[in-house]
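Chemist: All I have is the shape, not the residue letters:
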DNA sequence: TTGACATACCTTAAACCATGAGGTATAGTG
DNA sequence: CACTATACCTCATGGTTTAAGGTATGTCAA
């Protein structure tokens, strides 16, 4: 009880989707992604760095992202951009997400004319 | 890897949401819920019984559902209906889900100067 | 000059959730 | 008699997010 979650419970896979999309728009580094997601969703999502960094590493290892390390103002930065495979993966993820939204809507809106599943 | 999942990866919390909604429409038993979800979503979701039953038990323990056991044609049935608290919880879950959808849309549509799309 | 804060990277244990496989039992069909 | 459908259930596994921690530099104010 005392469900003190910072984020809603519907997030499985969403961080990866958003990361791929944002990086497809413009190369970014991890810390920047964390801030951007929080700002763009108006605090609806607050994915911590412990969520974002592992995903970035995994996507890079899977060939979805390319990393470039640089030094800016004495600090390290690892900037990521999506590869061709990453764009394909993004398209799949978006389609998958839209399918989920559609399926949930179908159940939530099916009130009266819901057909009995069993005879 | 061969990502051979039956369901998409975006499902966290969705089964509970659908269960609450469906039971708010009409009392049902577990096996019926499994079939109904699969039928209503046209196979988009196929939540197994290992997913549904634990949720039913937890929701009942939390006072969101009321169970009634009966015997039909020699077989046991446990029919669930939502309580007053269950309906409140459902309203919260729906609101939460809509917030998630909205937040994801905001990110996915940002960057391309896209116009607000209507459903 | 000290301390706080923002930047920027990272790891790890724990919690949570769906999956997939297994188990029990009855009724009906071929 | 075997097989399928119904109807309940549990459990180990794996994947994902969380929350907390660690490292280090630059900036600004007291």
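Modeler: That came through, no problem. What you see is a predicted model, and the numbers here were worked out from it, not measured in a lab.
Chemist: Going by C-alpha atoms from here, please, whenever you check contacts or count neighbours.
Modeler: Fine.
Chemist: wait, what's in contact with the spatially most central residue of chain A?
Modeler: Geometric centre of chain A, nearest residue: residue A:15, 2.5 Å, by CA atoms, centre = their mean. Contacts for residue A:15 (CA atoms under 8 Å, 6 or more residues apart in numbering or on different chains) come out as A:47, A:51, A:52.
Chemist: Would you mind listing what in chain A touches chain B?
Modeler: By the rule CA under 8 Å from any CA of the partner chain, the part of chain A lying against chain B is A:8-14, A:18, A:21-22, A:25, A:37, A:40-42, A:44-45, A:96-97, A:99-101, A:103-104, A:106-108, A:111, A:114-118.
Chemist: Is it possible to mark the buried ones in these?
Modeler: Using 16 or more other CA atoms under 10 Å in any protein chain shown as the burial test, the residues of chain A next to chain B include A:8, A:10-11, A:13-14, A:18, A:21-22, A:37, A:40-41, A:44-45, A:96-97, A:99-100, A:103-104, A:107-108 as buried.
Chemist: now, which of these lie within helices?
Modeler: A:14, A:18, A:21-22, A:37, A:40, A:96-97, A:99-100, A:103-104, A:107-108 (DSSP state H).
Chemist: Just to check, residue A:90 is in contact with residue A:19?
Modeler: No. Using CA atoms under 8 Å, residue A:90 is not in contact with residue A:19, being 9.3 Å away.
Chemist: Give me the common contacts of those two.
Modeler: Between them, residue A:90 and residue A:19 share no contacting residue, judged by CA under 8 Å, 6+ apart.
Chemist: now, which of the ones in helices among the buried ones among the residues of chain A next to chain B sits nearest DNA strand D?
Modeler: Within these, proximity to DNA strand D (CA to the nearest atom of the strand) peaks at residue A:14, which comes in at 5.0 Å.
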